[in-house]
Structure formats: structure tokens, C-alpha cells
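[1] dropping the sequence and predicted coords here.
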Amino acid sequence: MAVSAGRLGYFILVDVIFITNGFVWNIHDMMSSRPFVTRRLSNGQDRVDIVCPDNHVMLSPYIAYGASVGRRSSTLRLERDCLGTDSQLVKQSDQCVTNNTCSVSLRKGLRLTNILSGPNKKCLKNFPKFITISLPKCVLKDQIRDICSDGLEARYTTGILGRHTDIPNTNPTEKSCHKIMSFLTNVTMSMKLEKFDSNTSYHVIIQWTTQAGMNETRTLRYHHETFTGTGNNFNVTWETRDQDVAKPDFYLIYNVQLQGGYQNGSASRSPVSELPMASLRSAMTWKDNQMSFACPKGSLLYSPQLMVGVGKRLTCAGITPSLLVQINNCYWERNCNINWKGPATVTLSDSLPCLGKTAAVMSTTGYQCIRQENVVNMCSRYASEVVNKASGIIRSHNIYPWDYGAEEVDCRKVIKVGKGRQLLLKIETAQVDESRDTFRIRHIKGKTKTLVVEGNIKLFNTTLSGGSVELSLTVSRRSKTGKGFLESILEKVHNSLDKRVPPTLAPSAMMK
């Protein structure tokens, strides 16, 4: 079954900005975390559902009609295609916010009345051929909080905190806000910054008192930068020097654990989980259907996440042989199409009772894109053993997730982290022939090598501080092979404490 994968750093996108309903769509920033899923419009009325997990509500989806310019195609090319909306589409999108599920009606024959991207005169003459949706993140109900609101947050242990369109009661005139989060006993507080506009000048400052009674300060500036500290009183401050103070563009994902849950500098599973993505679901009927995934020029697609299931809540889910082939073939392409029609039989599933069921719904939570030069082959003969990248992917072989061959290899890659820095790693999956092949990740500090993980694993996250990280893979000629592994180097960030707050922060201060 397709598995979820984390967002991966930044990559360069075309400089396209959408403005709709008073909110700016910056494709460069938005697609780094939420790529677009494109669905071809069919004749007559159609519908798709956007669904969050149980007990969750969704943030804003971004939905637009599209038409190809100068070519016969129903797939999205951001560099030159028309994207636009009409009043009904905007209304449907707004009705999705803070709901667990919503439906979007689709039909051909409409005119684009509000052009978001593309040559205006040409776009106004085109009829939409497809709809494109940037799927929203989902948050546990009643855990979305405004950093500019009054009151203490001691009773909350997880959620999002910030200034964002989807966070109610934000005072648009404030240029500096703070939130005090106090607890009766010492806790471990973990936070991760989700920064949606790299062109705004602001920072988030966290001040707290440690167990030893020391007052410490930490400043978060970068998208996906994280903080972990132990204490019982945390003062979180947001400041901006921008003139446009009403622009909503960030939130912190936070998580509180009782003392002893996590220690700074250790190799552990990330204490701040990713917010789940909403899924886009379409009915499987006898007619042919298609959805498309597309990455910008110079980028490659990976981790398409699709499944078929029974019922609107996908109580029984899995994949079909045809879907498995299409998922695997999407990897490392710039764009790909997923075709289906019903009925289809579930043949691969984590739940045995689901095998053999007739699927009625196609579901996707999207895919990921990465710059081509940031993809590293583990066993490349022409690349250095040392990986000098702030973000990227290390893959076991170039046709992952199709099985690697039984060719004898002994490969090694080293990622230098350095003093005062952290390396965030995520492994989508690792599958090797454990009786004959080996896969290991070790953390090296001085002469000490600490085993982080080895063998077959799935959905593993870790944060490593300082030193270097060594990956090793050996394959035997007698190997029964496997699908290999895909490891994301999410970011390298400073983990040292700020002893004083810097007076200014330059615009566009983000990891490259």
C-alpha cells in the first residue's frame, strides 16, 4: 500500500502568484508543502470529496479550474496554463474550512471569470478542461489557536498556534503578539515552524526556564525549523517588521509531553508529528476516469499516495495490481496520469478481511516533488561518498520502488552535520533481503559510532545533532532483493540556543 511521506525542504518553482478572495496564492511557497492534484472534467455533473481523518477539521484547500494554452492536454503545466475560478468554486472552497469533509461539484462548459494565472485574454476565451486542487492539512478539532488571542494555554497539549487565514479571531493590526504556556510541572515542549511565505520578515521567539533554573531563548526563522526544551513556563513571541501586518502566513505545530519523553541532542523519533493531509476521493464508475500529478520544470515526482476502498470513510482500503504498477511508474517522472474505472478488486491490503472486496472509491493524499539535482543514488560510481546537500533524497537505486537487482555491491554515504547543527531524516520505507543484504544508519561522533536503525523499517523519523551520519548498503549476488529504501534529508538547522534576540531578520531568510 502507498504510504505517507513528509514534506521535503524547498525546491524552486515558477514565480506565479494567485490572488483570490483577498488571499494570495504564492505557488513557489505553497507547492513546497502541498502539490496540486489535477482531475480531468468529464461530460455532465461530477463530484469529488475532500475528507480529513476522524476528529479532524481541514484548513483551506486551494481549488481552481484550468485550461491548457496552445496544446491539447488535460494535465497541468504551471509555467503556461490558465488557472481561474468562478463565484461558485470560491464558495465551495470556503465551505470546506474547519469542516471534517466537504464536496466539490464539477462540470464542463463554464467560463473562467477570475483569472489567477496565465495570459488573461487567452484564458478568458478558454473553457476549463480540468480542476486542480491543493489538498489542505488537517488539525484535531478545537486545537487551532491564535497567537494574538488573550489567555493562557496550559490545558492544551497539542495543536497549532499562529497567524493564518484559517485561525479565527486574529487581530489584523497587531505587529507583535505573545502567548504564555504554563504548566504545573516540568514538561518537554516541542515546536515546528510552518512558514508559508518566504518573503516576509518575521521570527518566532521562545523563552523558557530550564529545570536548572536558567532562562533560555531560542529563535525560529526557517520553514520546518524545530525546537525542543524542558521547563514549566514557555513564552512564545511573534514579531514582524513588514508593513503588511494583516498577511497571514505561519503557524507553529506544538506538542507537550511529560518530563522524560525526549532529550535534546538524542536520536529519537520526531516529537512533532506532521499534520495529516486531507484526501481527495472520487467514485469509481464504469466510465474512464483520470487524475494527474505534476511537478515544476527541473523537479521529479515521488511518493504518490493512492488507494482504493469501500465506503466514503474507506473502512476497507488497499490497492489493485493496476494501481500498484501506476504508482511505481510515477516515481522520478515530472508528471504522470492515474487512470481507473470500476469495478476493481482489492488485492493488496494491510487488512486481510479487505482482500477480494470490490472497491468503489479512489483516494489520494497527493505526492511530493524534489529538484532533480537533489536526488542522490546510494551506489553511484560517479558521485562522492560525502553528501553535501542541505536537503534532498538518498535512494537505494534509480528504479525505486521497483526491486533492486541481485548485483554484489558495498556502498556508503556520509552526511556531515557539524557542531551546533541538527540533521532531520525521514525514511519512507526500507526493504532488503535481511538474510543476505544489510542496510544501516549510524551516527558518528568522534570515534563513537551509534546504530540508529538497520534492516527493514517503515515510516521512521529521527533528529541527529552534530557529528556525521553514515549510511551503508551491502547486497549479495545470492540476494532475493527487495524494493530498497528512500531516505529524505529534510534540513540542517542550528540547534544552539540564542543568548540574545537579533535586532533584524533579512527577508527571504530560508534554507536553500
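    That came in fine, so what should we check first?
[2] quick one, domains of this structure?
    Per the TED database, the structural domains of the chain span 28-139, 143-165+175-258, 283-372, 378-493.
[3] out of those domains, which gets nearest to L275?
    Among the domains of the chain, the nearest to L275 by Cβ to Cβ is domain 28-139 (4.2 Å). Any C-beta I mention is one placed from the backbone N, CA and C, and that applies to glycine too.
[4] for R334, give its distance to I399.
    To I399, R334 is 16 Å away according to Cβ to Cβ, to the nearest Å.
[5] tell me the contacts of the nearest residue to A430 once chain neighbours are set aside?
    Once flanking residues are discounted, A430 sits nearest to F485: 3.8 Å by Cβ to Cβ, 6 or more residues apart in numbering. Listed by Cβ atoms under 8 Å, 6 or more residues apart in numbering, the contact set of F485 reads 378, 395-396, 400, 427-432, 439, 473.
[6] show residues contacting the one helix or strand S105 maps to.
    Using DSSP states H and E, S105 falls within strand 101-106. Applying Cβ under 8 Å, 6+ apart, the contact partners of strand 101-106 are 39, 41-42, 45-52, 58, 63, 88-89, 92-93, 95-96, 131, 133, 312.
[7] filter these down to the buried ones.
    With neighbours counted by 16 or more other Cβ atoms under 10 Å, the contacts of strand 101-106 contain buried members at 39, 41, 46, 48-52, 58, 63, 89, 92-93, 96, 131, 133.
[8] show me what the longest strand anywhere in the chain is packed against.
    Assignment by DSSP state E gives strand 176-195 as the longest strand of the chain. Under the contact criterion of 3 or more Cβ pairs under 8 Å, 6 or more residues apart in numbering; DSSP states H and E, strand 176-195 touches strand 158-163, strand 202-209, strand 226-240, strand 250-258.
[9] quick one: strands adjacent to the longest one?
    I take that to be strand 226-240. Strand 226-240 pairs in its sheet with strand 176-195 (antiparallel), strand 202-209 (antiparallel), by DSSP bridges.
[10] just name the most buried of the ones you listed.
    Most buried of the strands paired with strand 226-240, by mean neighbour count (mean count of other Cβ atoms under 10 Å): strand 202-209, with a mean of 21.
[11] what does that one contact?
    For strand 202-209, using Cβ under 8 Å, 6+ apart, the contacting residues are 189, 191, 193, 215-221, 227, 229, 231-242, 250, 252, 501-502, 505.
[12] of those, select the buried ones using a PyMOL command.
    This is the PyMOL syntax for the buried subset of the contacts of strand 202-209, where burial follows 16+ other Cβ under 10 Å:
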select buried, resi 189+191+193+218+219+220+221+227+229+231+232+234+236+237+238+240+250+252+505
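[13] follow-up on the earlier one: tell me the one among the buried ones among the contacts of strand 101-106 nearest to V387.
    For those, the nearest to V387 is I133 (34.5 Å; Cβ to Cβ).
[14] just checking, that closest one touches S279?
    No. If you go by Cβ atoms under 8 Å, I133 and S279 don't touch, sitting 10.9 Å apart.
[15] give me the common contacts of these two.
    Common neighbours of I133 and S279 (Cβ under 8 Å, 6+ apart) are I50.
[16] for the buried ones among the contacts of strand 101-106, work out which two are farthest apart.
    Most distant of the buried ones among the contacts of strand 101-106, by Cβ to Cβ, are L41 and C52, 24.6 Å apart.
[17] where in the chain is pLDDT low?
    Where the chain drops to pLDDT under 70, the residues are 1-35, 69-80, 150-156, 168-172, 197-201, 241-248, 259-271, 490-512.
[18] show me the strands in the stretch 301-450 of the chain, by range?
    In the stretch 301-450 of the chain, the strands defined using DSSP state E, counting those that start in this stretch lie at 316-318, 335-340, 344-345, 358-359, 361-371, 375-377, 392-395, 409-416, 421-431, 438-445, 448-454.
[19] mind checking which of those is nearest S292?
    Ranking these by proximity to S292 (Cβ to Cβ) places strand 335-340 first, at 5.1 Å.
[20] just checking: what are the partner strands of the closest one?
    Strand 335-340 pairs in its sheet with strand 289-294 (antiparallel), by DSSP bridges.
[21] put the alpha carbons of the strand it pairs with into CSV.
    The C-alpha coordinates for strand 289-294 follow below in CSV (Å, rounded to 0.1, in the frame of the first residue of the first chain):
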residue,chain,number,x,y,z
ASN,A,289,-11.5,8.5,-15.1
GLN,A,290,-8.1,10.1,-14.7
MET,A,291,-6.2,12.3,-12.3
SER,A,292,-2.8,13.8,-12.9
PHE,A,293,0.2,14.7,-10.8
ALA,A,294,2.7,17.3,-12.0
